[in-house]
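Participant: Prediction below, plus the sequence it came from.
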Amino acid sequence: MSTSRAARLAPVIEMAERAEREAVMQLGHCQGLLSQAQVKLGELEQYRGDYQQQWISEGQRGVSGQWLMNYQRFLSQLETAIGQQRQSVAWHSNNLDKVRVVWQQRYARLEGLRKLVQRYQEEARLSADKREQKLLDELAQRIRRDDSA
């Protein structure tokens with residue numbers, strides 16, 4: 001009976017495995033998106049640093065008012081882009097956390113089902129061992145009865 005209980009759980013385990021695999025794939029995808037967003041943020045920050053270094057170099061030689069206005073306008077746009085990219089990184093990080101929780105739940109469910117199947121299989125094995133031992137004991141008693149008769 002316990003073996004059939006384990007066998008009846010096979011489709012449930014297959015569904016749980018499929019759900020867990022999908023969650024792993026989604027987790028990997030989200031990690032990739034977060035990495036891309038972080039790289040882009042790093043590039044923007046590096047570009048801002050380079051641009052500010054250009055300001056220092058050009059400023060030492062003297063700049064026109066027009067150049068300064070263009071510099072400030074572009075730097076403002078760059079700061080806006082960096083702010084937006086930071087928001088993107090935060091969103092992707094938050095999304096990754098949510099997807100990780102889903103994966104952890106699916107993984108825990110799958111592991112719980114696997115342990116349940118193992119328990120059912122162990123119960124079936126113990127039950128079969130007891131039946132076999134009972135049969136062997138009965139056979140031994142018959143042999144003793146037959147020998148003593």
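Facilitator: Okay, I see it.
Participant: Tell me which other helices or strands the top helix by length along the chain touches.
Facilitator: Scanning the chain for the helix with the most residues, using DSSP state H, yields helix 65-148. Secondary structure elements in contact with helix 65-148, counted by 3 or more CB pairs under 8 Å, 6 or more residues apart in numbering; DSSP states H and E, are helix 2-8, helix 10-61. Any C-beta I mention is one placed from the backbone N, CA and C, and that applies to glycine too.
Participant: Select, out of these, the one closest to Leu126.
Facilitator: Closest to Leu126 of the helices and strands packed on helix 65-148 is helix 2-8 (CB to CB; 8.5 Å).
Participant: need the helices and strands packed on helix 65-148 in TSV with mean neighbour count, mean pLDDT and distance to Gln84, can you?
Facilitator: Formatted as TSV, those follow (neighbours: other CB atoms under 10 Å; pLDDT from 0 to 100; distance: least, CB to CB, whole Å):
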stretch	mean neighbour count	mean pLDDT	distance to Gln84
helix 2-8	14	76	53
helix 10-61	13	93	9
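Participant: do you know which of those lies nearest Tyr107?
Facilitator: Comparing the helices and strands packed on helix 65-148 under CB to CB, the one sitting nearest is helix 10-61, at 5.5 Å.
Participant: circling back to that earlier point, I'd like to know which of the helices and strands packed on helix 65-148 is closest to Val102.
Facilitator: helix 10-61 (5.4 Å).
Participant: Which other helices and strands does that closest one contact?
Facilitator: helix 65-148.
Participant: how much does the helix it packs on deviate in direction from helix 10-61?
Facilitator: Relative orientation of helix 65-148 versus helix 10-61 (axes from the mean of the first three to the mean of the last three CA atoms, to 10 degrees): 160 degrees.
Participant: Averaged pLDDT, helix 65-148. What do you get?
Facilitator: In this model, helix 65-148 has an average pLDDT of 92.
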